[in-house]
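Participant: Give me coordinates for this.
(chains A and B)
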Amino acid sequence: EAGVAQSPRYKIIEKRQSVAFWCNPISGHATLYWYQQILGQGPKLLIQFQNNGVVDDSQLPKDRFSAERLKGVDSTLKIQPAKLEDSAVYLCASSLDQGVNTEAFFGQGTRLTVV
Amino acid sequence: AQSVTQLGSHVSVSEGALVLLRCNYSSSVPPYLFWYVQYPNQGLQLLLKYTSAATLVKGINGFEAEFKKSETSFHLTKPSAHMSDAAEYFCAVSGAHAGKSTFGDGTTLTVKP
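Facilitator: Prediction:
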């Protein structure tokens, strides 16, 4: 079974530029999550989708971050404009559904460096 | 509200020695607890989870953890460390949704030959 795919793996941009990350979840997984992992910290949930609807985006800085999941499959996370403090690894995860007994599978992440 | 505290950002053990990684949680609802492992440049992999069944949970790679409500703890142990166990370990707590978790800041495990 293919895992959660993310691209690009690495991205370096200048502050005030925009950037987009892509995530392809495991086939059939209805729930998709985006996490931000700053160096030295644990992952922090940014947004959760159930199919193509947003379940929770309370931690998403909506003035600069946006995310969508068209057709309930792939998802993109965008930052515009980027700030230095956005440097982090952005992890995508997916699960069959929202239940606690369903495991969330994580992608390898996209490492963003803002200079 | 939920939170996790991992005691010790770095733990070093000798190969063959006991591994003990500490995790304390805070939760206003009955918690579900998880341990994940992250190898360099990789995503997180679930080691084990507690979902209100048995308090002693066995996971992959010989790891286990015990849920102690009175101590609000969920420490991770392994009787004998292997070089391949060197990685970063994260404890996480959630409500009903496994993927919607609050993570601790991680513990880096180093295994010395």
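Participant: Can you tell me the closest non-neighbouring residue to B:Met83?
Facilitator: B:Val111 (5.2 Å; CB to CB, 6 or more residues apart in numbering or on different chains). Any C-beta I mention is one placed from the backbone N, CA and C, and that applies to glycine too.
Participant: Show me what the helix or strand where that neighbour lies is packed against.
Facilitator: Using DSSP states H and E, B:Val111 maps to strand B:107-112. With contacts defined as 3 or more CB pairs under 8 Å, 6 or more residues apart in numbering or on different chains; DSSP states H and E, strand B:107-112 has these neighbours: strand B:10-14, strand B:19-27, strand B:87-94.
Participant: For chain A, find the nearest of the ones you listed.
Facilitator: Among these, strand B:87-94 comes nearest to chain A, with 5.3 Å by CB to the nearest CB.
Participant: low-scoring pLDDT stretches of chain B, where are they?
Facilitator: Applying pLDDT under 70 to chain B flags the ranges B:96-98.
Participant: Pull the contacting residues for B:Ser26.
Facilitator: If you count contacts by CB atoms under 8 Å, 6 or more residues apart in numbering or on different chains, B:Ser26 has them with B:Ala1, B:Gln2, B:Ser3, B:Val4, B:Thr5, B:Thr72, B:Val93.
Participant: Isn't the first one up against B:Ser28?
Facilitator: Yes: proximity of B:Ala1 to B:Ser28 meets the contact threshold set by CB atoms under 8 Å, at 6.0 Å.
Participant: for the residue nearest to B:Met83, what are its contacts?
Facilitator: Counting by CB under 8 Å, 6+ apart, B:Val111 has contacts B:Ser12, B:Val13, B:Ser14, B:Glu15, B:Ala81, B:His82, B:Met83, B:Asp85, B:Ala86.
Participant: Residue 73: what's it in contact with?
Facilitator: Because you didn't say which chain, this covers chain A. A:Asn24, A:Pro25.
Participant: try again with chain B
Facilitator: B:Ser73 neighbours (CB under 8 Å, 6+ apart): B:Arg22, B:Cys23, B:Asn24, B:Tyr25, B:Glu66, B:Phe67.
Participant: ok, which residues in chain B are in contact with chain A?
Facilitator: B:4, B:9, B:32, B:36, B:41-46, B:49, B:51, B:90, B:92, B:94-106 (CB under 8 Å from any CB of the partner chain).
Participant: Nearest residue to A:Ser27 in space, please, no chain neighbours.
Facilitator: Nearest residue to A:Ser27, sequence neighbours excluded (CB to CB, 6+ apart): A:Ala2, at 7.3 Å.
Participant: just B:Gly8 next, same as before
Facilitator: B:Thr107 (5.7 Å).
Participant: Mind listing the residues bridging to A:Asn5?
Facilitator: I think there's a mix-up here, since residue A:5 is Ala and not Asn. Bridge pairing for A:Ala5 (DSSP bridges) gives the partners A:Asn24.
Participant: how far away is it from chain B?
Facilitator: Per CB to the nearest CB, to the nearest Å, A:Ala5 is found 11 Å from chain B.
Participant: separation between that residue and B:Phe63?
Facilitator: Distance of A:Ala5 to B:Phe63, given as CB to CB, to the nearest Å: 27 Å.
Participant: sorry, back to before: just the buried ones from the contacts of B:Val111?
Facilitator: B:Val13, B:Ala81, B:Asp85, B:Ala86 (16 or more other CB atoms under 10 Å in any protein chain shown).
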